[in-house]
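**Q** can you look at this prediction? I've put the sequence above it.
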Amino acid sequence: MAAQSRWTYYVPMREGLPSGTSFVVSFARGLGVGDEVLDPVARDLLPPWLGRMADAPRRLGGAAPFYRNALRLTSLGLIDHAVLRTQAIDTHLAAALRSGVDQVVILGAGLDARAWRLPALESTTVFEVDHPATQQYKRRRIGRRTPRAEVRYVAVDFERERFSERLERAGFRSAAPSMWIWEGVAMYLPLSAIRDTLEQLTRLSAAGSELAMTYRVPGMLPFGALGRAAIPALFQAAGEPLKGTLEPDHLASTVAPEWKVVYDDDARGWQKLTGSVADPARSFLGERLAIARKNMKKA
Ligand SMILES: C[S@@+](CC[C@H](N)C(=O)[O-])C[C@H]1O[C@@H](n2cnc3c(N)ncnc32)[C@H](O)[C@@H]1O
């Protein structure tokens with residue numbers, strides 16, 4: 001394990017263990033912020049004790065709103081943030097599917113349950129690309145639950161391996177438009193791995209393909225100096241250190257000229273886009289969602 005600096009050494013997902021941050025965001029979607037649960041599959045994917053906590057509002061009757069709000073508050077808005085993020089991407093995904101896209105690649109899929117929960121994905125192929133440790137866990141937990149889409153799995157470590165050939169071997173068609181979802185992953189990768197992933201997916205994308213990618217802008221951590229010291233240390237301790245940051249201009253120029261960024265906003269914009277009852281949390285405004293469209297002329 002190569003030491004880079006006091007705060008950013010490489011811990012590959014605590015060797016062999018599934019991603020803890022994927023549990024956190026899946027929990028948020030399973031709990032939801034209102035009566036309508038965004039992700040009813042989450043409770044079966046999470047470790048049983050956490051699944052029961054996500055599902056508790058259904059058993060709590062009149063106390064459910066208090067329970068949910070207590071968790072929303074103590075998560076410093078993370079539950080609302082994760083819900084909004086997924087809702088915003090679902091909105092863009094629905095538009096891409098209406099335009100005829102029939103293959104979706106979810107990079108760093110974690111416990112993403114779109115292939116099981118979204119009826120619009122029927123008759124599409126969903127490729128889930130993820131770190132082997134997280135993917136193994138997810139496949140075990142999902143068991144024989146029938147997905148709405150056809151699901152194909154590709155296990156890869158973005159920092160050590162390339163995914164393009166494996167994806168093609170799994171049946172991905174680079175001549176047909178695709179939708180790429182890269183939700184809550186880039187911030188855990190160094191810039192070199194972000195660029196490499198973008199380069200691979202660009203080569204595989206036909207004109208008209210869409211990319212939905214969230215990324216963290218530099219210096220946007222909450223709680224001043226304390227947050228700047230404590231938050232990276234927390235992620236570090238959890239085995240998933242925060243790494244790559246990008247400015248919106250930098251992202252646009254990195255993907256240009258093959259892609260045109262058609263949307264780029266933080267959680268306040270996601271809330272307007274979706275009309276969600278979730279509140280954008282000030283603490284997480286450093287994460288943005290960019291939607292890019294592959295230009296008509298293939299690179
Ligand atoms: C915060 S979770 C997000 C999961 C999912 N996209 C979602 O929104 O529910 C981060 C995901 O990135 C994946 N990840 C982080 N570093 C990775 C790497 N080096 N190679 C492959 N996957 C990685 C983890 O396995 C995990 O699934």
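**A** Perfect, thanks for sending it. Residues are numbered from 1 along each chain as shown.
**Q** identify the residue nearest the geometric centre of this structure.
**A** Central residue of the chain (C-alpha atoms, centre = their mean): residue 183, 2.2 Å from the mean position.
**Q** which residues touch that one?
**A** Residue 183 is in contact with 85-86, 89, 106, 108, 112, 212-214, counting by C-beta atoms under 8 Å, 6 or more residues apart in numbering. Bear in mind the C-beta positions are built from the backbone N, C-alpha and C, glycine included.
**Q** wait, which of these is closest to the ligand?
**A** The closest of the contacts of residue 183 to the ligand turns out to be residue 108 (C-beta to the nearest ligand atom; 3.2 Å).
**Q** residue contacts, the closest residue to that closest one other than its chain neighbours?
**A** Using C-beta to C-beta, 6 or more residues apart in numbering and skipping the chain neighbours, the partner closest in space to residue 108 is residue 185 (3.2 Å). By C-beta under 8 Å, 6+ apart, the contact set of residue 185 is 107-108, 158, 214.
**Q** ok, residue 185 to residue 175 distance?
**A** For residue 185, the distance to residue 175 equals 26 Å [C-beta to C-beta, to the nearest Å].
**Q** which residues in the stretch 151-299 of the chain form helices?
**A** Counting by DSSP state H, counting those that start in this stretch, the stretch 151-299 of the chain has helices at residues 164-169, 191-204, 224-237, 248-255, 267-274.
**Q** mind putting the ones you listed into a markdown table with distance to residue 67?
**A** Formatted as a markdown table, the helices of the stretch 151-299 of the chain follow (distance: least, C-beta to C-beta, whole Å):
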| stretch | distance to residue 67 |
| --- | --- |
| helix 164-169 | 41 |
| helix 191-204 | 38 |
| helix 224-237 | 24 |
| helix 248-255 | 37 |
| helix 267-274 | 23 |
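**Q** now distance to residue 153 and mean pLDDT too, for these, in CSV please.
**A** Formatted as CSV, the helices of the stretch 151-299 of the chain follow (distance: least, C-beta to C-beta, whole Å; pLDDT from 0 to 100):
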stretch, distance to residue 153, mean pLDDT
helix 164-169, 10, 96
helix 191-204, 17, 96
helix 224-237, 26, 83
helix 248-255, 26, 94
helix 267-274, 28, 98
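**Q** residues from the stretch 1-150 of the chain in reach of the ligand?
**A** 19, 21-22, 25-26, 108-112, 130-131, 134 (C-beta under 6 Å from any ligand atom).
**Q** give me the lowest-pLDDT entry from the contacts of residue 185.
**A** When the contacts of residue 185 are compared by pLDDT, residue 158 scores lowest at 92.
**Q** related to what we said a few turns ago, return the members of the contacts of residue 183 classed as buried.
**A** Buried members of the contacts of residue 183, counted by 16 or more other C-beta atoms under 10 Å: 85-86, 89, 106, 108, 112, 212-214.
**Q** dump the residues you listed to TSV, plus distance to residue 281.
**A** Below are the buried ones among the contacts of residue 183 laid out as TSV (distance: C-beta to C-beta, whole Å):
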residue	distance to residue 281
85	11
86	14
89	17
106	24
108	22
112	21
212	20
213	20
214	14
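**Q** excluding its backbone neighbours, what's nearest whatever residue of the chain ends up closest to the ligand?
**A** The nearest approach of the chain to the ligand comes at residue 110, 2.5 Å away (C-beta to the nearest ligand atom). Closest residue in space to residue 110, ignoring its immediate chain neighbours: residue 22 at 3.0 Å, by C-beta to C-beta, 6+ apart.
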